[in-house]
Structures are given as C-alpha cells and as structure tokens.
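Visitor: From the sequence below, what's the structure:
(one chain, ligands or ions: 3)
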Amino acid sequence: MENINLINDYKYNIEEYIKNVKENYSCQNKNALVITHGCQMNEHDSEKISWLLEKMGYNLVDTIEDADFILLNTCSVRHSAEDKVYGQLGNLKHLKNQNKNMKVAVCGCMMQRKESREYVIDKFENVDIIFGTNNIFRLPELIISNYETNSLAMDIDESMLRTDSDIGTNRLYKFKSYVNIMYGCDNFCTFCIVPYTRGRESSREPDDIINEIKNLVKTGTKEVTLLGQNVNSYGKNLDKRINFTDLLYRINEIDGLERIRFMTSHPKDISDELINAYKDLDKLCNFLHLPVQSGSTRLLKLMNRKYTKEDYLKIIDKIKNVNPDIALCTDLMVGFPGEEEEDFLETLDLVKKVEYDTSFTFIYSKREGTRAAKSKEQIPDNIKHERFERLLDVLYPIQLKKNTKLIGNIEKVLVEGASKNRSDVLTGRTEGFKTVNFKGNKKDIGNILDVKIISANTFSLNGDLIES
Ligand code: SAM
Ligand code: SF4
Ligand code: F3S
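Guide: Numbers count the residues shown, from 1 in each chain. Ligands and ions are numbered 1, 2, ... in the order given. Next up is the predicted model:
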C-alpha cells in the first residue's frame, strides 16, 4: 500500500488543474471511456466525470479498444455488480500490457468500501487512479499526480458529507436530465450497502436546484428526474422549512419545463400532500416508483423499512383514489435472511393486490458490513432462485394485462431515439414510463408526440403516430 499518493494540500482551484492537464499532458490526443455500473446516481455522476474529461481535452469514445483512459464507475449494491468490475479489471490488465500508455481509473460506490478498495489495490496493479463518490471534482488533480509520480493517485472522502462543487454535466440526452436534489441515505435498511457508500443524507438548497433546472430548460431539457435515495425526506437538514412536495410545486412553475419525475420514494415518508400533488401538478408524470421490497410485515421489520404491508397498501389505495390511471413501479427482493414460504406468499399477495405496471426484482445478496449479513438464517441459493422465478410468473402477466389496457389510448411520448436496426422506427416513453415503438422521423427525437397505442407486450407498447 506504500505507493498510494494521498493528496492533502487543499488550496482548491479546479480550473487551474483542468488547464494544467490540458496544457501539459496532451490530452487533446487522448481518448477516454467511462463505463458506468449501478443506478441513476452513478449515471449522473458519470455525466459529471465526462464533462470534466472533455474540459481537460479528452475525446470521449464508446469502446475499450479506442480508449487510452478507461474509468470504471462502480456499484456495490449486489455481489454480482462487484464481480463484473473485477472481471473488467482483469481484462484491462491484458490490454494495458499491450498499451503501456493506457491509464485506468476506478471510482464510485465500490471505492467507498475499504474492503473492495483494498482488494482492487492489491490485485490490480494496473489501476492508476482511485476516487470516491464525493471526490469527482478532484479528478484533474489526480491525473496530474499520477503522471508526475507514476504511481497510484487516490482520494477518498471518509467524512461522507457531500458538498456541491462546480462541476458541469455532459448530458447523455439534451431533452431529459437528471438533477440531484439530495445525496446519501440515513435509513440503514438492514440489507443495503448504500448508506455506507454514499454517506449521510444531505439536501441541496432549493434555489440551487431551481436555478439548475431553469438553465437546463434554456438548453433544451423538457423532462427532469429528481434524484435522491429517499426524496420524501428532502429538506430535513436545511434551515429553511421546505419539504419535497413544496419543492415539486416550485419546480412545476418553471416555464418551458414539461415533465417532472423523481426517484426514489420511500413508503415510510410519503405524505398525503405528495399524493395530492398528483392531482394539482400538471407537469408531474403519471408515475410512481415506490419500492416495497417485501409483502411480509415480519420481514419488513427485520429489513428496518418502518412500514407494514397494510401501511403500504393504504398508500397505494390513496394514490389510486387521487389518480386511478397512475403507473406504479416497485423494487422487490426475494431471499432476505429468514424469509419463510409464508413471507414469500405475502409478497405474491401484495403484488396481486397492487398490480404493478413495472418492477425491479432482486435476489438478496449478502453485503458485508450490513446488519442482515450477520444473520444466521441465510436462504439457500436454490430456494432464492425458485422464489424469484415464481415472483416473475406473477408479475409479468399483470404487466402485460396493464399494458394491454392501454390499447386504443393516445399517449404523450417523449421520443428518445431511433431503433438501432431501423431508423424509421422511433422509441420513446409515455408519462407512465412505458416504452413505445412507432414509425416516425428521426428529426422528432427530443419532441413530445401523440401516439395511439395499437398493441402491447410485457415490456413495451407499439403505436401509430398521430400526425398533427
Ligand atoms: N433508496 C431506494 C429505496 O429505498 O427504495 C433503493 C435504492 S437501492 C440502490 C435499489 C434497490 O436495490 C433496492 O430497492 C433493493 O430492492 C435492491 N437492493 C439493495 N440492497 C440489496 C441487496 N443486498 N441484495 C439485493 N438487492 C438489493
Ligand atoms: Fe438502501 Fe434503504 Fe437507503 Fe434505499 S432507503 S438506499 S434501500 S438504505
Ligand atoms: Fe447506486 Fe450501486 Fe451506489 S445502486 S448508490 S451505484 S451501490
């Protein structure tokens, strides 16, 4: 570990470092690739990393073969996510042997975990730069340090208090954008590593959020997705008295913005005010992602989720009363330690009662450092997989049924792109976040169009464009 070069002088001027890299390390002739694992938080962080790279003069490329600098933005949420990164680092070892000038950086949630970080440092001497989720802004400085010392440059912020820095965003799409409204998580669900990788909850100032969105709208954004691990607790650490619903009302006032989404919402903090906002706010999309994890009140308690099955179903009833057409999405987990067949049947029962439009389904993965990892009642893999398949067997027919109900409707679709194989087939999202494919012209990418739904599959819809 002696080759780690921790940077301690903290006289910070990001522009200086960017200029230094650009002028002294001929980055104009270098190609960089950012590979992103994990959730929207990481996707958005990668947009910030890409912005920095372009400012330093790098050309952004799409393939490993074309890249001189490869950055892996990692996720720790499940074991499989970490294994993928180790596999990629193994492959990069060979590539680096062929191209001695190649640089490799590893960042993101895995690097916030001491065990994963030390494993990477020990096993992959090909890694040049390591930084944590709170240290993106120090990338230019780390590049300089690595070139100067020809040894690992690393910066991890253990304090876990995220502060906003002056980093722009190289947006993947011009017309839809992620906006962080808060960082971190204080909930400590017993299965989850995120509070350890993303640190304590902290909300951004509302004026900063509003200004960011106004600027995004000026450059073409029609839809924003507000990001936070638990957006319903927005504002708790701010001096001003503002909550998440207040923030939504303010964002809804922004001229030129057409759609507002948010993720993720925690059932324990969802308020009646927020539910009513679905009636009042014309820009708030007809969609709610409300992770339930399990239908068993006994397991929910062991998970530290702080709501019961009945509480959750009550929220769903309220929201359906306010907005009967809302599209509902959830996260579900099978195989949490101690899960009995009865608990699993409660989950199936809840799924049938709610009738989700879409879902993210996971097999519990033991994460060292979390409370659930210490449980002696880990579920054998064969039972986890069998329950997982049974869960999908219930979820998918419901999804198909709900999609089929949309046939004949005219939906507003934000066009996101064209099909890879057929440029006359466009693909976009309804307000309810459903993918719709239809024939159209590529010039409409980024526009919101009326599309009549003509057929439905489990994961997507087909439609006909209504010519205006
Ligand atoms: N903050 C969000 C919430 O509480 O709903 C969830 C964010 S987490 C990154 C996304 C999902 O990953 C969780 O809702 C959970 O279903 C799943 N997840 C988290 N830890 C997991 C684990 N140890 N094994 C399997 N799935 C996990
Ligand atoms: Fe993880 Fe729970 Fe926080 Fe979501 S609310 S990020 S599941 S600890
Ligand atoms: Fe997201 Fe994975 Fe980190 S799910 S917050 S990138 S651990």
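
Visitor: number of nearby residues for the nearest residue to Asn230 once chain neighbours are set aside?
Guide: In space, and not counting its chain neighbours, Asn230 is closest to His266: 4.3 Å by C-beta to C-beta, 6 or more residues apart in numbering. (Each C-beta comes from the backbone N, C-alpha and C, glycine too.) Applying other C-beta atoms under 10 Å, we find 20 residues neighbouring His266.

Visitor: Quick check: His266 touching Asn187?
Guide: Yes: His266 lies in contact with Asn187 (C-beta atoms under 8 Å); the separation is 6.7 Å.

Visitor: got any residues that touch both of these two?
Guide: Shared contacts of His266 and Asn187 (C-beta atoms under 8 Å, 6 or more residues apart in numbering): Asn230.

Visitor: For this protein, just list every one of the helices.
Guide: With helices called from DSSP state H, the chain shows them at 14-24, 40-55, 79-98, 109-112, 114-123, 139-149, 194-198, 206-218, 244-252, 272-280, 297-302, 309-322, 341-354, 381-404.

Visitor: Deepest-packed of these, please.
Guide: Among those, ranked by average contacts under mean count of other C-beta atoms under 10 Å, first place goes to helix 109-112 (a mean of 27).

Visitor: I'd like the distance between Asp186 and ligand 1.
Guide: Separation of Asp186 from ligand 1 (C-beta to the nearest ligand atom, to the nearest Å) stands at 11 Å.

Visitor: wait, I meant Lys420
Guide: When distance is defined by C-beta to the nearest ligand atom, Lys420 is 28 Å away from ligand 1.

Visitor: Report how many residues lie close to Asp464.
Guide: Around Asp464 there are 14 other residues, counting by other C-beta under 10 Å.

Visitor: Can you tell me the closest non-neighbouring residue to it?
Guide: Nearest residue to Asp464, sequence neighbours excluded (C-beta to C-beta, 6+ apart): Lys452, at 4.9 Å.

Visitor: The residue of the chain found nearest ligand 3: how many residues sit nearby?
Guide: Nearest residue of the chain to ligand 3: Gly38, at 2.6 Å (C-beta to the nearest ligand atom). When neighbours are counted by other C-beta under 10 Å, Gly38 registers 21.

Visitor: mind checking how far it is from Met111?
Guide: Taking C-beta to C-beta, to the nearest Å as the criterion, Gly38 is separated from Met111 by 12 Å.

Visitor: what is in contact with the two at once?
Guide: Here Gly38 and Met111 have Thr74 as joint contacts, going by C-beta under 8 Å, 6+ apart.

Visitor: What distance do you get for Glu47 to ligand 1?
Guide: Glu47 sits 18 Å away from ligand 1, going by C-beta to the nearest ligand atom.

Visitor: what sits against the residue nearest to Asp464?
Guide: Counting by C-beta under 8 Å, 6+ apart, Lys452 has contacts 408-411, 463-466.

Visitor: same thing but 7 Å
Guide: Residues counted as contacts of Lys452 (C-beta atoms under 7 Å, 6 or more residues apart in numbering) are 410, 463-464, 466.

Visitor: Closest to ligand 1 out of those residues?
Guide: If you rank the contacts of Lys452 by distance to ligand 1 using C-beta to the nearest ligand atom, Gly463 comes first, at 30.2 Å.

Visitor: burial count for the closest one?
Guide: Gly463 sits with 27 neighbouring residues when counted by other C-beta under 10 Å.

Visitor: I'd assumed Thr435 was in contact with it.
Guide: No: judged on C-beta atoms under 7 Å, Gly463 makes no contact with Thr435 at a distance of 10.5 Å.

Visitor: tell me the contacts of Phe344?
Guide: By C-beta under 7 Å, 6+ apart, the residues touching Phe344 are 334, 387.

Visitor: With mean pLDDT as extra columns, can I get the helices of the chain in JSON lines?
Guide: Listed next are the helices of the chain as JSON lines, based on pLDDT from 0 to 100:
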{"stretch": "helix 14-24", "mean pLDDT": "86"}
{"stretch": "helix 40-55", "mean pLDDT": "93"}
{"stretch": "helix 79-98", "mean pLDDT": "92"}
{"stretch": "helix 109-112", "mean pLDDT": "95"}
{"stretch": "helix 114-123", "mean pLDDT": "94"}
{"stretch": "helix 139-149", "mean pLDDT": "92"}
{"stretch": "helix 194-198", "mean pLDDT": "93"}
{"stretch": "helix 206-218", "mean pLDDT": "95"}
{"stretch": "helix 244-252", "mean pLDDT": "97"}
{"stretch": "helix 272-280", "mean pLDDT": "96"}
{"stretch": "helix 297-302", "mean pLDDT": "98"}
{"stretch": "helix 309-322", "mean pLDDT": "98"}
{"stretch": "helix 341-354", "mean pLDDT": "98"}
{"stretch": "helix 381-404", "mean pLDDT": "98"}
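
Visitor: Go through the ones you listed and name the closest to ligand 2.
Guide: For ligand 2, the closest of the helices of the chain is helix 194-198, at 3.7 Å, according to C-beta to the nearest ligand atom.

Visitor: what about Arg171, neighbour count?
Guide: Residues near Arg171, counting by other C-beta under 10 Å, number 18.

Visitor: ok, it - contacts?
Guide: Neighbouring residues of Arg171 by C-beta under 7 Å, 6+ apart: 47, 177.

Visitor: next one: Asp424
Guide: With C-beta under 7 Å, 6+ apart, Asp424 has these contacts: Lys439.

Visitor: Spatially, which residue comes closest to the residue of the chain closest to ligand 3, not counting chain neighbours?
Guide: The shortest distance from Gly38 to any residue other than its chain neighbours is 2.8 Å, reached at Cys75 (C-beta to C-beta, 6+ apart).

Visitor: Surely the one you found and Asn42 touch.
Guide: Yes: counting by C-beta under 7 Å, Cys75 touches Asn42, with 6.1 Å between them.

Visitor: what's the spacing between Lys402 and Val451?
Guide: Lys402 sits 17 Å away from Val451, taking C-beta to C-beta as the criterion.

Visitor: Kindly report the same for Gly369.
Guide: Per C-beta to C-beta, Gly369 is found 47 Å from Val451.

Visitor: Those two: which is more packed in?
Guide: Neighbour tally, Gly369 and Val451, criterion other C-beta under 10 Å: the higher count belongs to Val451, 26 against 14.

Visitor: Tell me the pLDDT of the nearest residue to that one once chain neighbours are set aside.
Guide: Spatially, and ignoring its direct neighbours in sequence, Val451 is nearest to Gly463 (3.9 Å; C-beta to C-beta, 6+ apart). Note on Gly463: pLDDT of 97.

Visitor: looking at the sheet around Gly463, what are its partners?
Guide: Per DSSP bridges, the residues bridged to Gly463 are Phe438, Ile453.

Visitor: separation between it and Tyr396?
Guide: Gly463 sits 21 Å away from Tyr396, taking C-beta to C-beta as the criterion.

Visitor: Ligand 3 contacts on the stretch 1-150 of the chain?
Guide: Contact residues, the stretch 1-150 of the chain versus ligand 3 (C-beta under 6 Å from any ligand atom): 38-39, 41-42, 75-77, 109.

Visitor: what two of the residues you listed are the furthest from one another?
Guide: Met41 and Ser76 (11.9 Å; C-beta to C-beta).
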